[in-house]
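A.B. asks: take a look and give me a structure for this.
(4 chains)
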Protein chains: 2
Amino acid sequence: MATIKDVAKRAGVAISTVSYALNNSPRISAATKKKVEEAAKALNYKKNGFASDLKRTKTNTIALLLSDLSGPFYSDLIQGVQDVTSANGYDLIACSSIGGVQSTAVKFLTEKRVDGAIILAHNISDAITLDAAQHGSPLVVLDRYLENESIYHVEVDNIQGGYHATEYLINHGHKQIAYISGPAASHDNVQRYKGYRKALENYKITYQSKWDIASDFTREGGYRATKLLIAQRNLPRAIFYANDEMAVGGLQAFKENKISVPDDISIIGYDDIQLSEYVSPPLTTIKQPKYEVGALAAHLIFQLLGGEKTDHHYKLSTELVERKSVRHVSDE
Amino acid sequence: MATIKDVAKRAGVAISTVSYALNNSPRISAATKKKVEEAAKALNYKKNGFASDLKRTKTNTIALLLSDLSGPFYSDLIQGVQDVTSANGYDLIACSSIGGVQSTAVKFLTEKRVDGAIILAHNISDAITLDAAQHGSPLVVLDRYLENESIYHVEVDNIQGGYHATEYLINHGHKQIAYISGPAASHDNVQRYKGYRKALENYKITYQSKWDIASDFTREGGYRATKLLIAQRNLPRAIFYANDEMAVGGLQAFKENKISVPDDISIIGYDDIQLSEYVSPPLTTIKQPKYEVGALAAHLIFQLLGGEKTDHHYKLSTELVERKSVRHVSDE
DNA sequence: CTGTTAGCGCTTTCAC
DNA sequence: GTGAAAGCGCTAACAG
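C.D. replies: Next comes the predicted model:
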């Protein structure tokens, strides 16, 4: 590989001149610049990114750390991050935290290879995150709350979302409402559940633990949980699935048992995944402003990088999207 | 930020000793090692990844360059790449080529920041790719064919796929088969189209240019193309959509015009996106082995990195997944 | 406008 | 078993 030195030699100028010329410094005359550029091209010279980053102690890139690169779930969020990152002339790299401490994500976080990072990866421990925060580069974490000077948060108000979902069911005349939950460890799930309970309470509906079913956010899990409910002949009049994937699984279970949604039972999901619109019946659900979360997260990073102050905590609202999986019932 | 120097000072040893100790060299005594580790922890020392990469001229990471990070389309492929990358103890970063020459993807490609790269980004020009190939690091490109010593290819046999799709329609008694195409510039589209033409030819079905509709791989495009076909009262008995997204758009158009699929018209798609299973009727389509493509691409990189020789070209087969959007018709 | 030079933080050879 | 020192490729302060 040709280095800057080779280019300098070939162009018959000093190393620094090459550097200046290639970085478009105004100090270099057009003639010299041209000479340098020709030499560079002739040698197929490409600057070594590391050397340059090392010297400048700045990478011009921010990282998006995801627990799994391949989840379609992240699409909108990534889009949001990407849009504002490139609008700011920065580079964005995405990496996965699969592999825990060994993972690429953790490596980028700890080895200071980026100017800032957005974290949405539950399997990166709090300890590591807190540790990385010591570096001083801004960190936005989206999936939990961490008290630290250089850690910032953008979250969507899942309590409110859970509340609305439940309230919507109640407003449609439902009093028997089950909750099929995600993993107990999931912060999101806990919040949605809180909203559910709060709504029941506000509307003076007695909570029944038999309609509080544990599951795991997967389609398969939703299917099993629903089958269980059906087998127990314990069916409520409505179900709030903690996410759409599980609701889709539930739909499948109902179909197999010839139980009609929404005629026999109403269901509501959470997330508004692409599929929701296409299943039958189309799923009423709570939509999270994912694009906005991503965009705001990236925006925060740039504010901080620019030395501005900002709040440590932002909360975005959800929106209910009404489709066909909930029916109005008269008093039961 | 604490540097290796600070650690050395605090531990009362030489810089090199710190380096050895932290990299688990056997030359260092347990006592010294412990001393160094404590100093490192006390100072919250983290090695600077650039400096180390620069020195070793090796990054231990490979890049996946995508035209758009947020496409759900890539899920399986990414999974494949990710699996074999981490199995090999390498890091994987994904970056987008949005922004062309300015993009992160191009930067990583040209600035030698990775040991190898997998490219699936039509907007990275051949020139840049060829140029990057001069670096000597292995490149696997998935979306076109480039003749170069250090460029390797994994492709799925789209001609065969297009042929099968068309043949399937023919075997179901269809003779009037339209093709709704993707962008003319798309290599994939051209291949599928070739397969379509070849099948018509083999089965002695006359090609009719009126049933050769240009579109763009989007749902909206498929919708419009289908509307057009309907408006012209020019409906064939079957349509081969060059991808599922367009087929989904087409389904919508048919629904609005009360044309029944598959009773009035049969359709087949391409890709087997997640949605295909859920639209109504479920879409018969051609499935590409995306996971395998990703896994093989990554595998090739490691073979090459390991100094092994390998073919420059691999071709994987498609598979037809039969659902409900094609009906058998008797001779027309 | 151009050249000299001192590092960025780390790895690694060589000498002790 | 440990340390001194060279240098990876580049940038930028400084001197001319």
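A.B. asks: how about the strands in the stretch 51-200 of chain A?
C.D. replies: When secondary structure is read from DSSP state E, counting those that start in this stretch, the stretch 51-200 of chain A shows strands at A:61-66, A:91-96, A:116-120, A:139-141, A:151-156, A:177-181.
A.B. asks: ok, which of those comes nearest chain B?
C.D. replies: The minimum distance between chain B and those falls on strand A:91-96, with 3.8 Å, by C-beta to the nearest C-beta. (Glycine included, C-beta is placed from N, CA and C.)
A.B. asks: number of nearby residues for the nearest residue to A:Leu139 once chain neighbours are set aside?
C.D. replies: The spatial neighbour of A:Leu139 that comes closest, neighbours along the chain excluded (C-beta to C-beta, 6 or more residues apart in numbering or on different chains), is A:Ile151 at 5.0 Å. Summarising burial for A:Ile151: neighbours were counted as other C-beta atoms under 10 Å in any protein chain shown, giving 18.
A.B. asks: so A:Ile151 touches A:His312, yeah?
C.D. replies: Yes. With contacts counted by C-beta atoms under 8 Å, A:Ile151 reaches A:His312, the gap being 7.4 Å.
A.B. asks: burial measure for A:Thr57, as a count.
C.D. replies: Applying other C-beta under 10 Å, we find 11 residues neighbouring A:Thr57.
A.B. asks: from DNA strand D, how far off is it?
C.D. replies: A:Thr57 is 9 Å from DNA strand D, where distance means C-beta to the nearest atom of the strand, to the nearest Å.
A.B. asks: buried residues, stretch A:318-330. List them.
C.D. replies: Across stretch A:318-330, burial judged by 16 or more other C-beta atoms under 10 Å in any protein chain shown covers A:Thr318, A:Arg323, A:Ser325, A:Val326, A:Arg327, A:Val329.
A.B. asks: quickly find the element holding A:Phe240.
C.D. replies: strand A:238-241 (DSSP states H and E).
A.B. asks: closest residue of the stretch 201-332 of chain A to DNA strand C?
C.D. replies: A:Leu305 (18.2 Å; C-beta to the nearest atom of the strand).
A.B. asks: neighbours of that residue, how many?
C.D. replies: Around A:Leu305 there are 16 other residues, counting by other C-beta under 10 Å.
A.B. asks: for it, what are its contacts?
C.D. replies: By C-beta atoms under 8 Å, 6 or more residues apart in numbering or on different chains, the contact list for A:Leu305 reads A:Asp115, A:Gly116, A:Pro138.
A.B. asks: and the residues you listed as CSV, adding pLDDT, distance to B:Gln176 and neighbour count?
C.D. replies: Output for the contacts of A:Leu305, formatted as CSV (pLDDT from 0 to 100; distance: C-beta to C-beta, whole Å; neighbours: other C-beta atoms under 10 Å in any protein chain shown):
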residue, pLDDT, distance to B:Gln176, neighbour count
A:Asp115, 93, 59, 21
A:Gly116, 94, 57, 23
A:Pro138, 93, 60, 21
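A.B. asks: can you convert the residues you listed into CSV and add a column each for distance to A:Ser96?
C.D. replies: Listed next are the contacts of A:Leu305 as CSV, based on distance: C-beta to C-beta, whole Å:
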residue, distance to A:Ser96
A:Asp115, 20
A:Gly116, 18
A:Pro138, 21
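A.B. asks: return the member of those residues nearest to B:Asn234.
C.D. replies: Nearest to B:Asn234 among the contacts of A:Leu305: A:Gly116, at 55.0 Å, using C-beta to C-beta.
A.B. asks: ok, what's across the strand from that closest one?
C.D. replies: In this entry, A:Gly116 is beta-bridged to A:Ile62, by DSSP bridges.
A.B. asks: from the chain's centre, how far out does stretch A:107-114 sit?
C.D. replies: Mean C-alpha position of stretch A:107-114 versus that of the full chain (C-alpha atoms, centre = their mean, to the nearest Å) differs by 19 Å.
A.B. asks: buried residues of that stretch, list them for me.
C.D. replies: So stretch A:107-114, judged by 16+ other C-beta under 10 Å, has buried residues A:Lys107, A:Phe108, A:Leu109, A:Thr110, A:Glu111, A:Lys112, A:Arg113, A:Val114.
A.B. asks: per-residue confidence averaged over it?
C.D. replies: Over the span of stretch A:107-114, the pLDDT mean works out to 89.
A.B. asks: contacting residues around it?
C.D. replies: By C-beta under 8 Å, 6+ apart, stretch A:107-114 touches A:59, A:61-63, A:65, A:93, A:95, A:117, A:119, A:124, A:128-129, A:131-132, A:135, A:137, B:1, B:46-50, B:91, B:93.
A.B. asks: buried members of those residues into PyMOL, please.
C.D. replies: This is the PyMOL syntax for the buried subset of the contacts of stretch A:107-114, where burial follows 16+ other C-beta under 10 Å:
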select buried, (chain A and resi 59+61+62+63+65+93+95+117+119+124+128+129+132+135+137) or (chain B and resi 46+47+48+49+50+91+93)
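A.B. asks: filter the contacts of stretch A:107-114 by proximity to DNA strand D?
C.D. replies: Restricting these to those within reach of DNA strand D (C-beta under 7 Å from any atom of the strand) leaves nothing.
A.B. asks: centre of the chain to the strand holding A:Phe240, how far?
C.D. replies: With C-alpha atoms, centre = their mean, you get 24 Å for strand A:238-241.
A.B. asks: with stretch A:168-186 instead?
C.D. replies: 24 Å.
A.B. asks: which parts of it are buried?
C.D. replies: Per 16+ other C-beta under 10 Å, stretch A:168-186 contains these buried residues: A:168-170, A:172-183, A:186.
A.B. asks: output it as CSV, restricted to C-alpha atoms.
C.D. replies: The C-alpha trace of stretch A:168-186 is given here as CSV (Å, rounded to 0.1, in the frame of the first residue of the first chain):
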residue,chain,number,x,y,z
TYR,A,168,-59.8,1.8,24.3
LEU,A,169,-61.0,-1.7,25.1
ILE,A,170,-62.9,-0.4,28.1
ASN,A,171,-64.5,2.4,26.0
HIS,A,172,-65.7,-0.3,23.7
GLY,A,173,-67.6,-1.8,26.5
HIS,A,174,-65.1,-4.5,27.6
LYS,A,175,-64.7,-5.4,31.2
GLN,A,176,-63.0,-8.7,30.9
ILE,A,177,-59.6,-7.8,29.6
ALA,A,178,-56.6,-10.2,29.7
TYR,A,179,-53.0,-9.1,29.4
ILE,A,180,-50.5,-11.3,27.6
SER,A,181,-47.1,-10.1,28.6
GLY,A,182,-43.6,-10.0,27.2
PRO,A,183,-40.6,-11.2,29.2
ALA,A,184,-40.7,-10.0,32.8
ALA,A,185,-37.2,-8.6,32.4
SER,A,186,-38.2,-6.3,29.6
